[in-house]
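**Student:** Based on what follows, work out the 3D shape:
(2 chains)
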Amino acid sequence: MMDQRYTEILTNPGTVKLADIPVMEYREFLAFTDLLMGEEGTHCVAYMVVPLKDRYRFICCMAADENHAVVLFSHEQPLHPLPSLQSVTAKHFQFHVFEREIHEQFGIEFPGHPWLKPIRYPFDRADQSRVMNNYPFYASEGEELHEVGVGPIHAGIIEPGHFRFICHGERVLHLEIHLGYQHRGVERLFAEKQGILSQSILAESIAGDTAVGHALAYAGVIESLAGMMVSKQLSMERVIALELERIAIHIGDTAALCTDIAYQFGQVVNEALRTVIINTTQRWCGNRFGKGLIRPGGSNYPLMPDIAAEILKNLENVEKRYLQATDRIFSLPSVLGRFEGTGKLSTMQATLIGAVGMAARSSGMYRDIRWSHPFAAYTGHPFEPVMLHKGDVWSRAMLRKLEVVKSIEIIRELIKKFTIYDLRFTNEDSTNQNSEINHKPEIADGTSEINHKPEIVNRKSEIVNPIYDPTLAPSSLAISLVEGWRGEICHIALTDDAGKIIHYKAKDPSLHNWLALALAVRNQEISDFPLCNKSFNLSYCGNDV
Amino acid sequence: MPLKEINIFRRHGKQYVPDLRKAELPAIFRGRPIISRDITATQATALCNLCPVGAIGMISVKPGMKPEPKVIAATRLLPDDVSAPDTKSPDGSRMEFSECTIDLGKCVFCRECEFALPGKIRFTNDHKLASNVRERLIISPGNDRPIQLDPVMVRREIRYFFKHALKLRQVSAAGDNSAEMELNAAGNVNFDMGRYGIEFVASPRHADGIVITGPISQNMAEALQICYDAIPSPKIVILAGTDAISGGIFSGSEALSREFLNNYRVDLYVPGNPPHPLTFINGILDLIGRQ
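**Tutor:** Residues are numbered from 1 along each chain as shown, chains lettered A, B, ... in the order given. Next up, the predicted model:
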């Protein structure tokens, strides 16, 4: 007998009718949340409010990793008077960010919440008297304590955010992270711009460093709502693009970690390697970040055999050089002295705050959407996440190295499979046109003397173009999870009875992981903050949307 | 001993681009577009509806007239007008569709217009897109000339003071981090714009100018102003990326506040989504008058 309290989505992405999500009393909601949180590997991927004409609908989406499912359940509250709800966070801390978001947006109170602070100062927040300049910082008084404020503008070329440290001498007692500077009203724009093309471009711009990840999550939502089938070759291409993005960023982060410990060798060598990878993406789709590569229903840049060959060639080259460089980096005492034991996030802390992705895996949490909720070409293929347990800067740096190797392996395997699924890779005609491609190595800056014909994209009949005018299922909710390089990206769309998107949530993994950074720098020297920050490399715009 | 490092460096070989002025990008790179002259009014209307950022402009003139180069402005017909591209001129006489333009200050380089009208629009791999005159970012039909700066419009002090050394302070005002990463890349081992004495610095007090990325959010407007005020004069303003130039895909969002741009003169517009490091470096070199 099916439990009447929830509905389950067993596919990723997946869609349910809004009417099929059970509504329960709030008391029951709390009890059910307790029940789910008691299970191994269950975590909250989204808890949001949808304002309806006459009431608020609170929808909670919990990922049940062991069952490879997403569990949805909800409760409803009146618009007036504003509800005041006993906080879930008081018991299950990972809800803190969602209740803060709801409180900030709608003014709903959560008595018992330990830290009901602003999260991003959205333009449509309930309390307009709360402004960036009066953020309620935690303060601690004492003759020997002092505060250090950094940002919003930082020394390097990075996004804005404010960090407030309470220090005892050089030691950080507490760090509070105040974000919101990057708020662009993305979620509202999704509902305002109904065009699929506009929304795709918007998705790519949620966090430009994760253009492929977010665009893929968005494409999943649309394809699920429209009931579109995605061909095997397209789903493989998408995974190749996603893993290329992961490789590029991980190598770039290896460089940046070396920069922060003033190890210039590691910096320059890895910077040059990252360039090779992003230029490979550029050779494929004309953009170094993969913008334009992922579109719902099809692709403007199908992976042709010559590009696939170039990806393989460049990966082989990069892998060899990256392993040489990292072998050196991870064997130097002066590097290990800075990495080891710095910025520790324990498994317990990571579990408590609901950390996701790379940060969770390097703290010993078995959390990877590619394993728990397989999507695209991961579906039906067992995936074993890379795991480390110490949770320090060393673990996060080492995890990057191991994941680069793993991603290269995945891409190789997928390209090998193309010869089975894709006619282009076995058809003689299609290879003829590429015979003139000269295999002279491309220099790392991406400039190339190879002269291509103007019609670069050869549209063969079996290649499906993107679909920009799908009919979306009415009165439904679609959820799409993607393991981007930072971790779990979650996009949710709700449609009205005409199949129009009325509500959109785009969650970047950073939303969960910023608190991990704040915890990791506790009791560290303040001079190690840049290193800790870089080891997480979180997104400001992904948090602020 | 650093012997191992030397060995690895040797295997990596030379990584820098020898000549940044002449470097070319692969043919698939989405750079300056070329627009055919024979786009019909119906096709242009369809393009206007397709373009997600309103970068496609339709110019109407009195029958038999040619559009004057100076009146070219990317005006987009309102949705109610799209079924009837012929509009009335201010004096009431009938206007008819003449040609179609692309404004690179608004374009997000998605290339969808080329896919929709293959053969009529083509994005070339010309990455030199920067100009100091906003109107020069608007590509008119049949035009295959490179985008250039107007040297007359460059303030004299820029070339006088900054020709041999230019220090810039970057401010990300709701940028999505792709433009920021490309600006970082402009200084890396491959592009190495430091060879020209151009560098990003940590403090506005050390800077000669500001490089803004992102569509400028309300929440960042004040910090941007404070940073600008802290830069000693004479100072320059550079907008890097489509988001900064026009708001890009975020244009029209209530969360933005772009008043800053009404108050100061912009010295360089660098289009792109994000701008390629070569686009940025070549734009700056043109601005400061370096070969």
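
**Student:** host element of residue 48?
**Tutor:** All of this refers to chain A. strand A:42-51 (DSSP states H and E).

**Student:** Chain B was what I was after
**Tutor:** helix B:41-50.

**Student:** counting contacts, what elements does that helix pack onto?
**Tutor:** strand B:56-61, strand B:96-103, helix B:112-116 (3 or more CB pairs under 8 Å, 6 or more residues apart in numbering or on different chains; DSSP states H and E). In this view, the C-beta of every residue, glycine as well, is placed from N, C-alpha and C.

**Student:** Including distance to residue A:158, could the ones you listed go into TSV?
**Tutor:** TSV is the format used below for the helices and strands packed on helix B:41-50 (distance: least, CB to CB, whole Å):
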stretch	distance to residue A:158
strand B:56-61	34
strand B:96-103	29
helix B:112-116	31
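
**Student:** Let me know which of those is the nearest to chain A.
**Tutor:** helix B:112-116 (6.0 Å; CB to the nearest CB).

**Student:** Next, the buried residues of the closest one.
**Tutor:** Applying a neighbour-count criterion of 16 or more other CB atoms under 10 Å in any protein chain shown, one finds B:112-114, B:116 buried in helix B:112-116.

**Student:** cool, and stretch B:216-226?
**Tutor:** Within stretch B:216-226, the residues that qualify as buried by neighbour count (16+ other CB under 10 Å) are B:216-224.

**Student:** Give me every residue in the stretch 51-200 of chain A lying close to chain B.
**Tutor:** A:121-124, A:132-133, A:152-153, A:155-160, A:180-186, A:188-189, A:192-193, A:195, A:197-198 (CB under 8 Å from any CB of the partner chain).

**Student:** element containing the nearest residue to residue A:518 once chain neighbours are set aside, please.
**Tutor:** Once flanking residues are discounted, residue A:518 sits nearest to residue A:175: 4.7 Å by CB to CB, 6 or more residues apart in numbering or on different chains. Using DSSP H and E, residue A:175 falls within strand A:171-178.

**Student:** Check residue A:345 too.
**Tutor:** For residue A:345, there is no host helix or strand (DSSP H and E).

**Student:** so it touches residue A:519, yeah?
**Tutor:** Yes. Using CB atoms under 8 Å, residue A:345 makes contact with residue A:519 at a distance of 6.0 Å.

**Student:** which one of the two has more residues nearby?
**Tutor:** residue A:345 (31 against 18; other CB atoms under 10 Å in any protein chain shown).

**Student:** what's the spacing between that one and residue A:390?
**Tutor:** Using CB to CB, to the nearest Å, we find residue A:345 at a distance of 9 Å from residue A:390.

**Student:** now residue A:201
**Tutor:** 40 Å.

**Student:** out of those two, which sits in the busier spot?
**Tutor:** When residue A:201 is set against residue A:390 and neighbours are counted by other CB under 10 Å, the residue ahead is residue A:201, at 26 against 18.

**Student:** secondary structure class for the closest residue to the more buried one other than its chain neighbours?
**Tutor:** Nearest residue to residue A:201 in three dimensions, chain neighbours excluded: residue B:249, at 5.0 Å (CB to CB, 6+ apart). The three-state assignment at residue B:249 reads helix, by DSSP: H, G, I helix; E, B strand; the rest coil.

**Student:** about what we covered before: export the helices and strands packed on helix B:41-50 to a markdown table and append columns for distance to residue B:242 and mean pLDDT.
**Tutor:** As requested, the helices and strands packed on helix B:41-50 are exported to a markdown table (distance: least, CB to CB, whole Å; pLDDT from 0 to 100):
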| stretch | distance to residue B:242 | mean pLDDT |
| --- | --- | --- |
| strand B:56-61 | 14 | 83 |
| strand B:96-103 | 10 | 85 |
| helix B:112-116 | 15 | 92 |
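
**Student:** Secondary structure element holding the closest residue to residue A:407 other than its chain neighbours?
**Tutor:** In this structure, residue A:407 finds its nearest non-sequential neighbour in residue A:243, 4.0 Å apart by CB to CB, 6+ apart. Element membership for residue A:243 (DSSP H and E) is helix A:232-260.

**Student:** Output the contacting helices and strands for that helix.
**Tutor:** Looks like helix A:232-260 contacts helix A:211-226, helix A:264-285, helix A:305-329, helix A:393-421, helix A:529-536 (3+ CB pairs under 8 Å, 6+ apart).

**Student:** Could you list the buried residues of the second one?
**Tutor:** Same thing as helix A:264-285. Residues A:265-285 are the ones in helix A:264-285 that count as buried (16+ other CB under 10 Å).

**Student:** of the residues you listed, list those near chain B.
**Tutor:** Among these, chain B is touched by A:265, A:268-269, A:271-272, A:275, A:282-285 when using CB under 8 Å from any CB.

**Student:** Excluding chain neighbours, what is closest to residue 266?
**Tutor:** Going with chain A. residue A:258 (2.9 Å).

**Student:** try again with chain B
**Tutor:** Among residues not flanking residue B:266 along the chain, residue B:237 sits closest, at 5.1 Å (CB to CB, 6+ apart).

**Student:** Can you get me a residue count around residue 253?
**Tutor:** If you meant another chain, say so; for now it's chain A. 21.

**Student:** Chain B was what I was after
**Tutor:** 22.

**Student:** Please name the residues that touch the closest residue to it other than its chain neighbours.
**Tutor:** Nearest residue to residue B:253, sequence neighbours excluded (CB to CB, 6+ apart): residue A:185, at 4.3 Å. By CB atoms under 8 Å, 6 or more residues apart in numbering or on different chains, the residues touching residue A:185 are A:122-124, A:545, B:250, B:253-256.

**Student:** Pick out the residue closest to the middle of chain A.
**Tutor:** Of all residues in chain A, the one closest to the mean position by CA atoms, centre = their mean is residue A:489, 3.8 Å from it.

**Student:** So what pairs up with that residue in the strands?
**Tutor:** residue A:482 (DSSP bridges).

**Student:** one step back: show me what contacts the residue nearest to residue A:266?
**Tutor:** Residue A:258 neighbours (CB under 8 Å, 6+ apart): A:264-267, A:270, A:329, A:335.

**Student:** And the closest residue to chain A within chain B, what's its pLDDT?
**Tutor:** For chain B and chain A, the shortest gap (CB to the nearest CB) falls at residue B:178, measuring 2.8 Å. Per-residue confidence (pLDDT) for residue B:178: 95.
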